[in-house]
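[1] Test case, fold it:
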Amino acid sequence: MTPPRHVLRATAAALPALAALHAAPVVSTLGPLRNKTMPRLAGQGRPDHVALTFDDGPDHLSTPHFLRLLDARGVRVTFFLLGSMLTRSPGLAKEMAAAGHEVAVHGWHHRPLLLRGPRATYDDLARARDKTADVTGRAPVLFRPPYGVMTTAAHLACRRLGMAPILWTCWGEDWRRRATPRSVHDTVLRDLRGGGTILLHDSDCTSAVGSWRTTLRALPRILDACEARGWQVGPLREHGASARLGEHRLRRREP
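    Prediction:
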């Protein structure tokens with residue numbers, strides 16, 4: 001049966017408002033605004049600490065190089081994993097967790113959440129969370145959306161799943177084809193302050209081919225710069241407010 005015309009008109013009139021509500025959190029994509037007005041979402045922590053994070057792994061070609069370098073430097077970090085990559089290299093995720101790194105969720109597929117509705121968003125996050133928990137033996141509590149684009153549906157899904165969304169305060173733009181170790185280092189340090197969160201990539205699955213090698217070569221200089229400034233480098237769970245928020249949401253997670 002066809003709905004009455006007044007119902008169709010009301011539905012059509014409501015669609016723009018619903019779309020605006022869905023997309024409203026996209027404003028957090030603007031780094032300077034996010035860092036200034038949304039410190040928790042930006043990953044602002046205690047001033048003597050810098051959180052180092054990597055997206056898009058685990059990748060059997062590149063991630064082991066990062067794990068070896070980090071182990072040699074005695075540094076633990078947060079890895080935001082893609083479920084689609086995790087299924088290919090579950091052993092690497094186990095290795096990350098065993099080495100003391102924090103394992104978090106980057107979604108199942110690296111697709112913009114703006115193009116996904118509430119059900120698809122929830123299913124994507126839940127699938128990635130459950131697979132990560134199954135492989136590592138511990139449910140992740142942090143989520144970073146693909147491209148750093150949050151939606152209302154993503155916030156609601158995180159709340160239901162007991163996870164906290166975390167973005168970053170600075171990045172290295174290491175995914176670009178023209179990136180160099182010097183440019184990655186300089187781009188990170190340009191915006192990095194004590195309490196900041198760094199975004200880098202340990203895989204090129206969504207970046208320029210071979211870009212992970214550039215990141216790997218930039219990493220020692222970034223660590224040296226943090227050490228010279230008196231900043232301890234570690235995972236988000238040791239970073240302050242963002243870690244406490246994740247633990248709080250974990251306790252509230254629905255069965």
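[2] Backbone dihedrals for Ala51, both of them.
    phi -90, psi 130 (degrees, to the nearest 10).
[3] wait, doesn't Trp231 sit right on Ala51?
    No. Using Cβ atoms under 8 Å, Trp231 is not in contact with Ala51, being 10.1 Å away. C-beta: built from backbone N, CA, C; applies to glycine.
[4] Which one's more surrounded, the two?
    Legend: neighbour count by other Cβ atoms under 10 Å for Trp231 and Ala51, higher for Ala51 (30 against 20).
[5] Now the element after the one helix or strand Ala104 maps to, going C-ward?
    Ala104 is part of strand 102-105 when elements are defined by DSSP states H and E. Downstream of strand 102-105, the next assigned helix or strand under DSSP H and E is helix 118-136.
[6] can you give me how far that next one is from the chain middle?
    The chain centroid and the centroid of helix 118-136 are separated by 14 Å, computed with Cα atoms, centre = their mean, to the nearest Å.
[7] next one: stretch 65-75
    Distance, centroid of stretch 65-75 to centroid of chain: 20 Å (Cα atoms, centre = their mean).
[8] Likewise for stretch 206-220?
    With Cα atoms, centre = their mean, you get 17 Å for stretch 206-220.
[9] contact partners of it?
    56, 59, 61-62, 65-66, 69, 73, 110, 146, 172, 174-177, 179-182, 184-185, 188, 200-204 (Cβ atoms under 8 Å, 6 or more residues apart in numbering).
[10] Roughly how far does Gly194 sit from Met38?
    Gly194 sits 18 Å away from Met38, going by Cβ to Cβ, to the nearest Å.
[11] and the gap between Asp48 and Gly172?
    Asp48 is 22 Å from Gly172, where distance means Cβ to Cβ.
[12] And these two? Which one has more around it.
    Set Asp48 next to Gly172 and count neighbours by other Cβ under 10 Å: Gly172 wins out with 26 against 12.
[13] That one - nearest residue in space that isn't next to it in sequence?
    Val184 (3.8 Å; Cβ to Cβ, 6 or more residues apart in numbering).
[14] Pull the number of nearby residues for the one you found.
    Neighbour count of Val184, defined by other Cβ under 10 Å: 26.
[15] which element is it on?
    Here Val184 is assigned to helix 181-191, by DSSP H and E.
[16] got any ranges where the stretch 151-255 of the chain has weak pLDDT?
    241-255 (pLDDT under 70).
[17] ugh, wrong one, I meant the stretch 1-150 of the chain
    Looking at the stretch 1-150 of the chain by pLDDT under 70, you get 1-31.
[18] residues touching Pro47, list them.
    With the criterion set at Cβ under 8 Å, 6+ apart, Pro47 makes contact with 194-195.
[19] re the thing from before, helices or strands up against the strand holding Ala104?
    Judged by 3 or more Cβ pairs under 8 Å, 6 or more residues apart in numbering; DSSP states H and E, the packing partners of strand 102-105 are strand 78-81, helix 90-98, helix 118-136, strand 142-143.
[20] So which of those is nearest Pro165?
    strand 142-143 (5.2 Å; Cβ to Cβ).
[21] Mind listing residues that contact that closest one?
    78, 80, 102, 104-107, 125, 129, 154, 158, 163-166, 236, 242, 246.
[22] ok, and the closest non-adjacent residue to the residue nearest to the spatial centre of the chain?
    Among the residues of the chain, Arg144 comes closest to the average C-alpha position under Cα atoms, centre = their mean, at 2.9 Å. Nearest residue to Arg144 in three dimensions, chain neighbours excluded: Phe80, at 4.5 Å (Cβ to Cβ, 6+ apart).
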